[in-house]
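> Provided below are the primary sequence and the corresponding predicted coordinates.
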Amino acid sequence: MEVQNLSKSRNVILGGIIGGILGFYILYLFYLQVLQGEFYQKRATSISQQSVPIYAQRGEIYDRNFDVPLVSNVDSFAVDLIPAEVPKEERDIIYGKLASYLKVPMEEVKKRIPPSLENLYQPIEIKSRVSLETLSFLAENIDEFPGLTWHNKPIRNYTQGKSLSHVLGYVGDITREELQVLFNKGYTYGSVLGKSGIEKQYDLILRGEDGKQFRTVDVKGRRVGEALVQDVPPTLGKTLVLTIDRRIQKLCEDALGNRIGSVVVLKPSTGEVLALVSNPSYDPNLFYDERGNLLFRDLSLDPKFPFLNRAIQSAYVPASTFKMILTTAAIEEEAIPLQKTITCTGSYTLGDRVFYCHRRSGHGPLNLFGALAESCNVFFYTLGSEYLGVEKIVEYAQRFGLGEKTGIDLPGEVSGVVPSPGWKKRVYNSRWVGGDTVNLSIGQGQLLVTPIQMANAMAMVVNGGTVYKPHLLKEVRDPISGKVIEEVKPEVLTVSTIQESTFKLVRDALRYVVTSGTPKPVITTKAVQVAGKTGTGEVGLDDRWHSWFIAYAPYNDDDPREKIVLVVQVEAANEWEWWAPKAANIILHGIFTGLSYQEVLGSMDLWYLKATSGGER
Amino acid sequence: MNTGTSLRFDFSLLAAAIILTGIGVAFVYSSGVTSTGEVYSSEYIKQTIWAFLGIVILFAVSLVDYNRFKGWAFRIYLGNLVLLLLTLLFGKVVNGSKSWIGIWELGIQPSEFMKVSTILYLASFLERYPYRMFTWTGFFMALGIVLLPMALILIQPDFGTAMVFIPIFFFMVFTAGAKLEYILFFLAMGTLSILFTILPVYGTLLAKRAPTFFIRLGDSDIVTILLSGFIGITLLSFLGLWLTKRRYLYWSGYGGLVLSGSLIASLVFRKFLKSYQLMRLMVFLNPSIDPKGAGWNIIQSITAVGSGGFWGKGFLQGPHSHFRYIPQQSTDFIFSIIAEELGFIGSAFVILLFGVLLFRGLRILTLTKDPFVRYASSGICGMIFFHVAINIGMAMGIMPITGIPLFFLSYGGSSLITVMIGVGLLSNFYLRRYKY
């Protein structure tokens, strides 16, 4: 009986435990569902909302005239497949059919939809840039392709083709590596990214901001209902207006022809780049073609490096153009009286080494102006090694901005090299010798400069010491109204302490070069007074040299805004025809008369187009 | 043969069971419907068949004199153990545990039926030797009856099902009048061994926020020192008790044994528990440890329950469930879809139905004079209660995920038939309450 009684009280305890816990559960349910209900309601909603990007239209790019776009967008379609909607049994048949209509290999389709994604309810892009014709065919036969969808994916249209490709660049799908770097800037997988040129430099402005379209999805990403959240519309990419003048650009490209080299035209008064040519070039439109990848690979492997923007990414020996800087140093430092003559015998001896002038018979006695005009090497050997010394030469080279990037708004600029005793010790671990100074005096040896640096150096002479940072972006405009949102103001890069009177003398000397020096026979234009300097760079070949011409015009005009700086660089890889000054002649004539290349050829009687011949040497 | 049977069924008990079964079929159907309304699972058809079969069994069990079951109890228990052994040898592996046995498509889970078999045999054992509950040896004999099937099920391994035997045991020995210190001994040991198992792992996962003591428990040197200390206390106490017969030495030995026993058990657990099982326990303590992995179920389930609100989203209208955010929707997480679609009203009603069922079951304990009936009823109530408390608690995120189905509601024939037999027994006991 004792057990019986014990049992009774223990029943109550068991009842209490059961009742207590069930009661607590009901209270807790009330807490979860009623008191906290709204919170969980929201969380349930957010979990089942998914956003898909609405891609923003990329901004267009214009030249300074803002009339015809250099880069626009063309409607194009991408075909997608929702893998989970493809019936399992027919998968191979459907993939095969689709591949043949889209003209892609079957493996490509299978690569894009690996087995791990076969149950995904989100569209996967099979092929972009599908023609409207193909797409309409697929759309008409949609029953044969369960799971097929498509979306609008505009492609870039480079209206100038091969022209300007180094400036404009091109775009492509973002790679995994790029995404890792750019993720925090709002890029996502599937973003289109500028890969070079302006497209890369100003990608953030051009790309706009992708919008978001919300939809309610289940755990597998299947669309199951109307969205509960308002869509976020995309922000269009901004329109860019470049400083490039399409006409001058074309003129320069034509004048360079198919020669390997580059041309820079800039306005020294602001740093605006009017033309930037690099040859060989490529047509970015072709990358978006069926065989785009193949072409891209071929271009990458081309020994002529068509992707290289030679105006800013390639450094050359400046050769005799460097004499302009030595002349400035000589005047500023008063190292040698202007009238003092040095007699050129055709060679210069230092210790046991003999350095020759390009005229082996010698120029005879020449003063500074005369030596610059004749580009006499012996005079400058003597000036450099005996009157200035290596420190001064290096100092002036650096004051002209050599060895440093100009900061032009294009990616991948190189800085070139200004050799010095310290540099040689560091890089080659050998002592600077007198012969190095001699070589440096005529811009040979290890000195390396980019065409854009030489344009800047010339701009310093023209402006009397001030150099504006060269730039390609002129304005940012609203993509719809066309209103200017932001205007790029000229930015001072350096202000030299060299006296204005020195620069005045240098300008006179450069004019004297054109009127009575080496380039006299080829600078035949009467449209404008040209001042400049030629250069012929030794590259170790017997019959070929780099050909330079750096110039500004007009020489006599007082209005700085009218002045332009021109740099032409033709690589030694070409047939030797001393083309740089000859091209400069055509370009300057064209710029100042408003004529095109063909019109210039028609109106001027250019002797050198009939029979090519060697020039200075 | 039914002399003494008034044939007055406990209608509230039967009504609760049948309504719950009906709700179960409805929500097994709901869980097999996608948001677009297509039915992708035929589970509800099978469940309907099981439901009818279960109700037939319920009545069948309630009509046979329970004394026959009592007479067969040992044979049933033994037969079921053999079946468990056969399952271990020839069973089919489902969800990582070898718990199914059968021919062709028909299969059963002997471990489910083992619960009822054990209850019957333990009840008859306790009836035969009521005073054994006042000695340690008797208590351990009763424990052995439970530990044997538990061990076989743990080998499968089916941790959740094995755990059910613990409340069954405690409910029954508690009702049978076991000394509280015996029960306390095992409760304390169980709790401590779980804590000793989890705390070091939990501590390392939370690294900075957990007391360093948690992590130290994983250090084998410290465990050795603690363990030898505990064992030393235990041995000294019992030696002293034997020599001096002082009462307090009994209690210090008792404490030392609890501590050293649970520490040893935790070492064994840590060795044999699968990492996902440890993770589940940990995630229960803090779901945000692993939100995409083991914590996913808990977070999704709480969200589904919470978003049901007061009135619910309506039958077949719960987006969270129909978008298939919750795995094992029709089995382990059936309660979350009920809570989402029927809201607080519906889910509280479900809990109340279980309450009715359990209290009608407990009432038999006061109505009958037959100790066997009392013990068996207590065991059945303990079993049902444990399933309800763990499963619903799990859906609400206040109990660890153990894979224990919710009786009547979760999809699955074996568990439904098991609980039907259990309720059938309760009904049987009720019918014959005055017979003894």
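Everything's here; your move.
> and residue B:304, how many neighbours?
For residue B:304, the neighbour count with other C-beta atoms under 10 Å in any protein chain shown is 28. All C-beta atoms are positioned from the backbone trio N, CA, C, and that covers glycine.
> ok, now how distant is it from chain A?
As judged by C-beta to the nearest C-beta, to the nearest Å, residue B:304 and chain A stand 7 Å apart.
> What is the burial count for residue A:334?
Using other C-beta under 10 Å as the criterion, residue A:334 is surrounded by 10 other residues.
> Could you check the pLDDT of it?
Looking at residue A:334, its pLDDT stands at 92.
> contacting residues for the residue nearest to residue A:260 when sequence neighbours are not counted?
The spatially closest residue to residue A:260, leaving aside those adjacent along the chain, is residue A:571, at 4.4 Å (C-beta to C-beta, 6 or more residues apart in numbering or on different chains). Shown in contact with residue A:571 (C-beta atoms under 8 Å, 6 or more residues apart in numbering or on different chains): A:259, A:260, A:261, A:310, A:316, A:546.
> Test my guess that the last one contacts residue A:536.
Yes - in this structure residue A:546 lies within contact range of residue A:536 using C-beta atoms under 8 Å: 6.9 Å.
> just checking, which of the contacts of residue A:571 belong to strands?
The members of the contacts of residue A:571 that map onto strands under DSSP state E are A:261, A:546.
> Longest helix of chain A, counting residues only.
Using DSSP state H, we find that the single longest helix of chain A is helix A:2-30.
> ok so, going back, list the residues that contact both of residue A:546 and residue A:536?
In contact with both residue A:546 and residue A:536: residue A:319, using C-beta under 8 Å, 6+ apart.
> tally of neighbours for residue A:9?
Residue A:9, neighbours per other C-beta under 10 Å, totals 8.
> ditto for residue A:414
16.
> which one of the contacts of residue A:571 is nearest chain B?
Lowest distance from chain B to the contacts of residue A:571 (C-beta to the nearest C-beta) belongs to residue A:310, with 51.7 Å.
> Whichever strand or helix holds residue A:453 - contacts with which helices or strands?
Using DSSP states H and E, the element containing residue A:453 is helix A:451-463. Secondary-structure packing of helix A:451-463 (3 or more C-beta pairs under 8 Å, 6 or more residues apart in numbering or on different chains; DSSP states H and E): strand A:261-267, helix A:310-313, helix A:323-332, strand A:466-468, helix A:500-516, strand A:546-553, strand A:564-570.
> for residue A:486, what are its contacts?
Per C-beta under 8 Å, 6+ apart, neighbours of residue A:486: A:475, A:476.
> Show me the beta-bridge partners of it.
residue A:476 (DSSP bridges).
> Just among the contacts of residue A:571, which is most surrounded?
residue A:261 (28 neighbours).
> count of neighbours near the nearest residue to that one once chain neighbours are set aside?
Nearest non-adjacent residue to residue A:261, counting by C-beta to C-beta, 6+ apart: residue A:570, 3.9 Å away. By other C-beta under 10 Å, 27 other residues sit near residue A:570.
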